[in-house]
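K.L.:
the following block contains a protein sequence and its predicted model.
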Amino acid sequence: MAGCCSVLAAFLFEYDTPRIVLIRSRKVGLMNRTVQLLILAYVIGWVFVWEKGYQEVDSVVSSITTKAKGVTVTNTSKLGFRIWDVADYVIPAQEENSLFVMTNMIITVNQTQGFCPEVPDKTTVCTTDADCTAGSAGTHSSGVATGRCVPFNGTVKTCEVAAWCPVEDDRHVPKPAFLKAAENFTLLVKNNIWYPKFNFSKRNILPNITTAYLKSCVYDAATDPFCPIFRLGKIVQSAGHSFADMAVEGGIMGIQIKWNCNLDRAASHCLPRYSFRRLDTRDLDHNVSPGYNFRFAKYYSDPTGTEHRTLIKAYGIRFDIIVFGKAGKFNIIPTMINVGSGLALLGVATVLCDIIVLYCMKKRYYYREKKYKYVEDYEQGIGSEMDR
Amino acid sequence: MAGCCSVLAAFLFEYDTPRIVLIRSRKVGLMNRTVQLLILAYVIGWVFVWEKGYQEVDSVVSSITTKAKGVTVTNTSKLGFRIWDVADYVIPAQEENSLFVMTNMIITVNQTQGFCPEVPDKTTVCTTDADCTAGSAGTHSSGVATGRCVPFNGTVKTCEVAAWCPVEDDRHVPKPAFLKAAENFTLLVKNNIWYPKFNFSKRNILPNITTAYLKSCVYDAATDPFCPIFRLGKIVQSAGHSFADMAVEGGIMGIQIKWNCNLDRAASHCLPRYSFRRLDTRDLDHNVSPGYNFRFAKYYSDPTGTEHRTLIKAYGIRFDIIVFGKAGKFNIIPTMINVGSGLALLGVATVLCDIIVLYCMKKRYYYREKKYKYVEDYEQGIGSEMDR
Amino acid sequence: MAGCCSVLAAFLFEYDTPRIVLIRSRKVGLMNRTVQLLILAYVIGWVFVWEKGYQEVDSVVSSITTKAKGVTVTNTSKLGFRIWDVADYVIPAQEENSLFVMTNMIITVNQTQGFCPEVPDKTTVCTTDADCTAGSAGTHSSGVATGRCVPFNGTVKTCEVAAWCPVEDDRHVPKPAFLKAAENFTLLVKNNIWYPKFNFSKRNILPNITTAYLKSCVYDAATDPFCPIFRLGKIVQSAGHSFADMAVEGGIMGIQIKWNCNLDRAASHCLPRYSFRRLDTRDLDHNVSPGYNFRFAKYYSDPTGTEHRTLIKAYGIRFDIIVFGKAGKFNIIPTMINVGSGLALLGVATVLCDIIVLYCMKKRYYYREKKYKYVEDYEQGIGSEMDR
C-alpha cells in the first residue's frame, strides 16, 4: 500500500522534459527557423486559412421544382396551323429534378393495330417472301415480321410486320427544328437546400426577391445573377452551344446550382451559383448516338371502340437540375487533427537539420559528441564505458 | 564491404532514446499530468467514443418505390358527382423518388385550337385593335395575339389570341381545396438502402414486419415508428403545417429517411428514422411564389377527327422522399490518423509545461541549467565550452 | 532595443536538438528497428499505396438517359391479337434515372363513373344493407360505399360502391407474365459523369466506340464490358434471379455504374464498371409486399361526351440506374496529414522499446541511469542533488 502510494506520488508529482542541446550557429539556426517557418506557413496559411481545415464538412440535400412558360405557333402541311403551349411540349408534365421541352418531332397519326410494310433499310428490304422470317423482330423493328414481302411504295418492297400501322418513318429528322421558337421559352427553378449536419436550410428564391421582381426578371450572369427564371436559349448559349442546332436532334442541358457555404459567416453569404453545361456530348470527333429523343403515344378510342393512337418521336432538350455543394462549419475534431499533424510535421525540421548538422557539416563529430551518449550493453560495457 | 557491414550493424543493433530530465515538483508535476489527462480525455472520450473517430464512413445509396391509396367523392356544378381514385389524382402514375397527389385544380374542359379572347389582366385588357400587337406572346400568355381586340364578357374587352380555346381562367383558386379529403389518403414507402463500401443493404420494411401488420398499420412516431405507411394529413401536421391550408395552393413535403448505422454493431440496430419537413416555403414574411402546381392535359379525338383536350392546372402536394445517412465501420486508417494526431497533441502538454517551468517559475534558471546544454560554434567555442 | 536584438538573434541563430542515449544492444536494437519498419510499412504500404492516402477525394455527379427497344405480340381472349411496342410498355415515356418496363397487367376496360358491387373480400362481403356503412371508404376500397348490399355474382353479395365501374378485380395475377417476352428487349443507358472538384467529365460511351459497334453490341461482362446496351433478361439473370419469375409480380432492378477513377493516371483509365442488383427483396423468409406495381388509366371520351377510361394495374420491372463512385487526385493536405500522423506513430516505437528497456530487461536500472537525470525541487534539492 505504501509502495503503491509512493509510486503514485512519483507518477503524479513528476514532470519529464527532454534534455536539449542548444547549438549556437548562424547557419544551422537560420536553416532550422526557416524550415519551421515554412511548415508553420503551410499549416496556418494553406491548411487553415485557404482550405479551411478547421471546418467539418457536409453535403447538400436538395429539392427542386420546375415550371416552363411560353407559347408558339407552327404551320405545317401535316398538322396545319397549331398552337403549342406548356401542356403540349413538356413531357411528362412534371418530374422531380428535370424538365423536358420538346423542340422537334416525327409524328405518325392515326396508327391502328394491323399489318403493313416496314420502313426500308438494310435488314427490311426484300424481293421475295423467302427474305423475310416469320415471327422475327429485330432490335430496331417496328413490329413482328409475318413472313411476307410486300410493296412499301412504287419502287421498294419490304418485309410485312404486325405492328401499329402505318409504321413510323424516322429516316429524316425535320430541319430546322419544328419548335425552334422554344428558344424564347422560360424556365423557373425553385430549389430548397438543406445541410442535415448543421440543420441549415435555404431557398434559391432569396429573402430580398419580391413578387414583382420575380414576375419580370430573367437570369443574367452579370445583371441578375440570382433571378431563378432562365431563358432556354440563353442556357444553351452559356454552355457554348447553339439552340437551333441542339433543337434538331435534342440533347441534355445541365443547370448546375452550386451551394458552397461557409456557415461560420452569416447565412446571407450562402448563395447559389448557377452554371450551365451540356451533358450529352463529350467529343465532336466521336459523336456516336447524339441528341436525345423518346417515343410516346396519345391513345384514342373511335365510336366503334377500336383503339387508335398518335405516335410521337419527341426530340427535345431535357434540362437536368444538378444541385451540389458543401457547407463547412468550425468543428474541434478536424482542427485538432490538423493541429496534431502540424505539430508532428514540425518534427521534420529537426530531422532535416539533424541530418545536416550531424552528417554534412565540418564540425559534425564535435556536434555528435554533444548530442549522443553511447551506452554499451551492460556486460560488455562495464569496463569500457565511454561516457562522453 | 566491411565498412558497409559495420555501418549496417551499427544501424540495426542500436536503439536511441531521448535523454530526459525528471523534475520532481508537486506544482509542475500535477499541471503536467492534468494537461495530459485532458488531452487523453479529449482523444479517447470525444474523438473515439463520441464521434467514432476509429470508423471509416460511407454514404447511403438508395432506391424508393411509393404507392398511394384512397378514394374520395366530389360534387360540383362543373363536374357533377365524381369519384376520384389513385389513377385520377396521382400524376404522373409513377416517379422514382417522389409522388404527387393532386389536392386542388382549375379544370378547363373541351379546349380546341382556335381564336378567343385572353383572360383580362393588366397586359391583355384593350379598347381598340391598336392596343394588341399581332404575333406577340408574353411570358404569361395563353396564346399568340392576332392583333384584334374582342369582348371577353359583357363589360371587358381583351386581346384575341390563337390558342386552345376557351383559355384557362386561373384568377381564382378554389377555396377550400377541391380534394381536401386527400388528408385521409395513405402513402406506402418502400426503401432499399445500400452502403457500397461495406456491401451492406437493408429495407425499411424490417424483417419483423408481417403482411398482416403491413395491411393495417399507420406510421406514428410513438406507437408505430417503423410502419412505412403514412397518412398524408399526419405527414403535413408533423412538419407543423395545416393540410387544409397547404392543399389549396399545393406544396412540397419532404419525407426524410435517415439511415445512420454503426456497422460494428448488429445489423438489427441499423434502423430508419422518419422525419417530415416542408420544402417549399422558407420565410412567411417573404412568401413569394408559394405552393406547387403544373398543367397537364388529357387529349381526346371526336368522331370528325378533331383533337380536343381538357386542360388541368393541378395544385397538389408532391411528397419527395429524401434518403440520407452514413454508415461507420472500424477501419485501421482513421484510427491510426486519430491516434497519431493524439500522440502529437500530447506533445502540447510538454510545450505548455516547458514554457511555465523555464520562463515563469521562480527557479527557472535552475531548471534551464538542467535541461539545456549550450554548445557554441566550434571555432568560437573551443575555449569557452560550457559543459554543464 | 539592444536587449530585443540579442533575444531575436538568440532565437534566430539557435538550433535545438534533443540529447540522445544510444544503447548498443542487439536485442533492443533489433526490436526497435522491427517496430519502426512495421510502422513504416503500414504508412507507406497500406496508407499511401493501397488506400491512396495522398489523394483528395470527390464524389461523382451524374446524368442518365435511357432508351428501351423491342416489340412483342400477345394473343388473349380479352384483348385479342395485339402488338406491344416501346410506347405501349414503357410508362411513363421518360424518367430521369430509371425506366419502367411493364411485364404483366390486370386490365379493366371501359370503366365509367357509376355504382357497382365491390370485389369480394373479408371487409366487403355482406348479407344485408346493414353490413355496409354508407359513405365509408377503406384503404383498399375501389370507391365510396353507398350503404346497399348488392349481388356481385350468382353466389356472393358485396357492398355497393360509387366508383369507376366495373371495379378492378386484382385477386388473380396472370401467370405466366403477360409480356414475358420482354426478356429479349434491350436497354441503352447513356451516362455522363462529372467530378466537380477536378472538373473532369466523361461519358460511358467511350471514345473508341463506333456507331456500327453501338448498333449491334450487347453488354457481356466478359466479351463486351463497355457496351452500354443491356438485354433485360441478362440484367436480371446477372443479379441471380429469374426474369420469368420476376415478371409476374414485378420488381426493381438496380443497374449500378461504378466510376472509381484515379485521376493521377490518364483519363483513359477512368472506366465504368457495371453490376446488377435486385433492389426490392431483402429476405426470402420475410417476403412481405413483394414486387412492384402501380395503376394508371387511359382516358377516352365517347360521342356523347361521357368520359370513360381503361384502368391498368401495371406490374413490371423498374430499372434504376445508380451511379456512384469517387475520384482521387494527389493533394498536399491529405498527404501531409498522413505523413504527420505517420511521423507521430513512429514515436510509438520509442514508447514501446522504452517500456521494455526501462522496466522489463535485466539491466533496466543501468539504462535508467543513463536516460534520466533526476532533479529535485530547488529548495529541497540544493543539498541532495543527484546529478548522474
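P.N.:
Looks like it arrived, so ask away.
K.L.:
max-length strand in chain A?
P.N.:
The residue-count maximum for a strand in chain A (DSSP state E) belongs to strand A:98-117.
K.L.:
in the stretch 251-388 of chain A, what residue is nearest chain B?
P.N.:
residue A:340 (3.0 Å; CB to the nearest CB). C-betas here are computed from N, CA, C, even on glycine.
K.L.:
residues of the helix or strand encompassing that residue that come out buried?
P.N.:
Residue A:340 belongs to helix A:332-355 when assigned by DSSP states H and E. Across helix A:332-355, burial judged by 16 or more other CB atoms under 10 Å in any protein chain shown covers A:333-350, A:353-354.
K.L.:
which strands or helices does the very next helix or strand once past it pack on?
P.N.:
Where DSSP H and E defines the elements, the next helix or strand beyond helix A:332-355 is helix A:364-371. Packing partners of helix A:364-371 (3 or more CB pairs under 8 Å, 6 or more residues apart in numbering or on different chains; DSSP states H and E): strand A:20-24, strand B:372-376.
K.L.:
try it again at 10 Å.
P.N.:
Judged by 3 or more CB pairs under 10 Å, 6 or more residues apart in numbering or on different chains; DSSP states H and E, helix A:364-371 is in contact with strand A:20-24, strand B:372-376, helix B:378-381, strand C:14-18, strand C:20-24.
K.L.:
of all these, which lies closest to residue B:229?
P.N.:
Residue B:229 sits nearest to strand C:14-18 of all the helices and strands packed on helix A:364-371, at 67.9 Å, using CB to CB.
K.L.:
now do the contacts for residue A:297.
P.N.:
A:108, A:111, A:164, A:308-312, C:85-88, C:93, C:298 (CB atoms under 10 Å, 6 or more residues apart in numbering or on different chains).
K.L.:
ugh, wrong one, residue A:172
P.N.:
Contact analysis of residue A:172 by CB under 10 Å, 6+ apart lists residue A:106.
K.L.:
next: residue A:100.
P.N.:
A:68, A:89-92, A:250, A:252, A:292, A:294, A:314, A:316-320, C:93-94, C:96.
K.L.:
any idea how far residue A:106 is from residue A:363?
P.N.:
Counting by CB to CB, to the nearest Å, the gap from residue A:363 to residue A:106 is 89 Å.
K.L.:
just for the stretch 1-150 of chain A, where's the confidence low?
P.N.:
The model of the stretch 1-150 of chain A has pLDDT under 70 over residues A:1.
K.L.:
what are the boundaries of the helices in it?
P.N.:
A:2-12, A:26-41, A:86-89 (DSSP state H, counting those that start in this stretch).
K.L.:
and these as CSV, adding mean neighbour count and distance to chain C?
P.N.:
Output for the helices of the stretch 1-150 of chain A, formatted as CSV (neighbours: other CB atoms under 10 Å in any protein chain shown; distance: least, CB to the nearest CB, whole Å):
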stretch, mean neighbour count, distance to chain C
helix A:2-12, 10, 10
helix A:26-41, 16, 4
helix A:86-89, 21, 13
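K.L.:
using CSV, please lay out the ones you listed together with distance to residue A:18.
P.N.:
Supplementary listing: those in CSV, determined by distance: least, CB to CB, whole Å:
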stretch, distance to residue A:18
helix A:2-12, 18
helix A:26-41, 16
helix A:86-89, 77
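K.L.:
relative to chain B, which of these is closest?
P.N.:
Nearest to chain B, of the helices of the stretch 1-150 of chain A and by CB to the nearest CB, is helix A:86-89 at 4.0 Å.
K.L.:
run the chain-centre distance for that closest one.
P.N.:
28 Å (CA atoms, centre = their mean, to the nearest Å).
K.L.:
got a pLDDT number for the closest residue to residue A:142 other than its chain neighbours?
P.N.:
For residue A:142, ignoring the flanking residues on the chain, the nearest one in space by CB to CB, 6 or more residues apart in numbering or on different chains is residue A:167 at 4.0 Å. Per-residue pLDDT puts residue A:167 at 94.
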